[in-house]
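*Asks:* Mind folding the following:
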Amino acid sequence: MTATTHPCRLCHAPLSSADAVQIGPFPKAAQYYPTPNEFTHDRGIVLKITECPDCGLTQLLNEPVDYYRQVITAASLSPVVREQRLTLFRQLRGYFGMRPSAFEIGCAGGENLPLLRDAGFAASGIEFAATTAGTSLPEGVTDTYLLDLGPENHGRHDLLLSFNYLEHQPDAHAFLQKCHALLADDGRLLLTVPNLDLLLDSQSAHEFVADHLLYFTAESLETALRLTGFSLIECQIINNQYDIQIIAKKRPRGAIASSKSALDALVISFNEKLRTLATEGKRIAIWGAGHRTLALLSLAEYHLIDCIIDSARFKHDKFAPISHLRIRPPEILLDPDCGIDVILVMLPGIYPKEVISRIESLPIAYHAEQFPPTE
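*Replies:* Numbering: from 1, shown residues only. So this is what the prediction gives:
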């Protein structure tokens, strides 16, 4: 049989069917029960199971079952599970302020929504094809699929929940990215998935099923979260080790933008300093020709600066990029006619104090100060 290539369902790295372990024939779907007139054609399917060498996710290369968008289960919430979930929902409620929004993805008949409301959430959910002829939707449940939600839903929910639904999805990356988009910046994501480690440790390969395209360990689930913009808060193995439960939050993405804002503020402060000194008739030199200083000078009103001073001999009498200021040796400060009144020392670490002390020991008086000043 000719090998085929498939993208990883999480990181989209290429996966070859030649590397897959093949098991079968297995039932073609967990919810397939053939009628007698289908017996002749019911030969099952071979599951092709592989692990992505890049992200570590174990997955099927098979096509998804045709009802993968739906949650179909015979299980109901037992009194024990109801109490456990109510306790968990109340714990999560503590993260938020007034009447937070909880949104369940793949909510079946909406059994969790009353518990969420009891815990203090404004609860709603989605379930694909949740209605049948003559049947109304439970309160707060919308008949739709996660990836069909538009941008008008983004950032609206404080808590997203999904219980044993992610493993059915053909594209884990798209699913989790959509969760990221729906979640408020300070929101929380609660997910459970079956535990692959239990399947492997118990040598239970018959637990593989056509419905489950994705098989997570705690480690690969954390990787999936990290690749889609989340940070893990808590991970637990629950239900007698059958499931993994995580609580995650959105990873802040504004660090670079914040750094740019700080740089803009530094340039404003630097220009104000230069203008003040120039207005006072002072002639200004900058001590330091390192990359940080040269970058800052390129953004500043460098026409107000006379020159740059630096101790490195190989830089002497060269010119700074963009500002084209000449780099001079410290010895020019021994000349009373050098044309410098103020020296702004722009060096990292412990060096500013040493240089200022050196300047103050010279026979000619200069005003020297560190910029930016220390706190």
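
*Asks:* any idea of the mean pLDDT for the helix or strand hosting L92?
*Replies:* Here L92, judged by DSSP states H and E, is contained in helix 79-93. Taken as a whole, helix 79-93 has a mean pLDDT of 93.

*Asks:* For the following helix or strand past it, which strands pair with it and how are they oriented?
*Replies:* Toward the C-terminus, helix 79-93 is succeeded by strand 101-105 as the next helix or strand (DSSP H and E). Strand pairing for strand 101-105, using DSSP bridges, gives strand 122-126 (parallel), strand 157-163 (parallel).

*Asks:* For strand 101-105, which outside residues touch it?
*Replies:* 89, 110, 112-113, 116, 121-126, 146, 156-163, 165, 179, 182, 184 (Cβ atoms under 8 Å, 6 or more residues apart in numbering). Bear in mind the C-beta positions are built from the backbone N, C-alpha and C, glycine included.

*Asks:* In terms of secondary structure, what does the lengthiest helix in the chain contact?
*Replies:* In the chain, assigned by DSSP state H, the helix with the most residues is helix 255-279. Packing partners of helix 255-279 (3 or more Cβ pairs under 8 Å, 6 or more residues apart in numbering; DSSP states H and E): strand 284-287, helix 291-299.

*Asks:* on that earlier part again, list the helices and strands the helix holding L92 packs on?
*Replies:* Checking 3+ Cβ pairs under 8 Å, 6+ apart, helix 79-93 ends up next to helix 113-118, strand 183-194.

*Asks:* got a list of contacts for it?
*Replies:* Contacts of helix 79-93 (Cβ under 8 Å, 6+ apart): 77, 100, 102, 112, 115-116, 118-121, 159, 188, 190, 247.

*Asks:* and the residues you listed as JSON lines, adding distance to H367 and neighbour count?
*Replies:* Written out in JSON lines, the entries for the contacts of helix 79-93 read as follows (distance: Cβ to Cβ, whole Å; neighbours: other Cβ atoms under 10 Å):
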{"residue": "L77", "distance to H367": "75", "neighbour count": "16"}
{"residue": "P100", "distance to H367": "56", "neighbour count": "22"}
{"residue": "A102", "distance to H367": "62", "neighbour count": "29"}
{"residue": "N112", "distance to H367": "69", "neighbour count": "22"}
{"residue": "L115", "distance to H367": "69", "neighbour count": "21"}
{"residue": "L116", "distance to H367": "65", "neighbour count": "29"}
{"residue": "D118", "distance to H367": "69", "neighbour count": "13"}
{"residue": "A119", "distance to H367": "64", "neighbour count": "21"}
{"residue": "G120", "distance to H367": "62", "neighbour count": "17"}
{"residue": "F121", "distance to H367": "62", "neighbour count": "24"}
{"residue": "L159", "distance to H367": "58", "neighbour count": "26"}
{"residue": "R188", "distance to H367": "54", "neighbour count": "22"}
{"residue": "L190", "distance to H367": "60", "neighbour count": "21"}
{"residue": "I247", "distance to H367": "56", "neighbour count": "18"}
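
*Asks:* Which residue in those residues has the weakest pLDDT?
*Replies:* Lowest confidence among the contacts of helix 79-93: L77, with 82.

*Asks:* And it, its phi and psi?
*Replies:* phi -80, psi 110 (degrees, to the nearest 10).

*Asks:* how close does it get to N112?
*Replies:* Computed as Cβ to Cβ, to the nearest Å, the L77 to N112 distance reads 8 Å.

*Asks:* roughly how far apart are the nearest residue to R69 once chain neighbours are set aside and D148?
*Replies:* Nearest residue to R69 in three dimensions, chain neighbours excluded: F128, at 3.8 Å (Cβ to Cβ, 6 or more residues apart in numbering). In this view, F128 and D148 are 8 Å apart by Cβ to Cβ.

*Asks:* Compare those two (neighbour count), which wins?
*Replies:* F128 (16 against 10; other Cβ atoms under 10 Å).

*Asks:* That one is in what secondary structure piece?
*Replies:* Using DSSP H and E, no helix or strand contains F128.

*Asks:* so what's it scoring on pLDDT?
*Replies:* 92.

*Asks:* same deal with the one 10 residues further on?
*Replies:* Here the pLDDT value assigned to P138 is 83.

*Asks:* and if you look at M1?
*Replies:* Reported pLDDT for M1: 64.

*Asks:* now A108
*Replies:* A108 is given a pLDDT of 88.

*Asks:* Would you list the phi and psi of it?
*Replies:* phi 50, psi -120.

*Asks:* Now it. Nearest residue, chain neighbours left out?
*Replies:* Nearest to A108 is V71, by Cβ to Cβ, 6+ apart, at 4.2 Å.

*Asks:* That neighbour is in contact with G110, isn't it?
*Replies:* No - distance between V71 and G110: 10.6 Å, which falls outside the contact criterion (Cβ atoms under 8 Å).

*Asks:* intersection of neighbour lists for those two?
*Replies:* E127.

*Asks:* Output the below-cut-off pLDDT ranges for this protein.
*Replies:* Where the chain drops to pLDDT under 70, the residues are 1, 74-75, 130-135, 253-255, 375.

*Asks:* ok, for the most centrally placed residue in it, nearest residue in space, not its chain neighbours?
*Replies:* Taking Cα atoms, centre = their mean, the centroid of the chain lies closest to G229, which sits 1.7 Å from it. Excluding the flanking residues, the one nearest G229 by Cβ to Cβ, 6+ apart is H180, at 4.7 Å.
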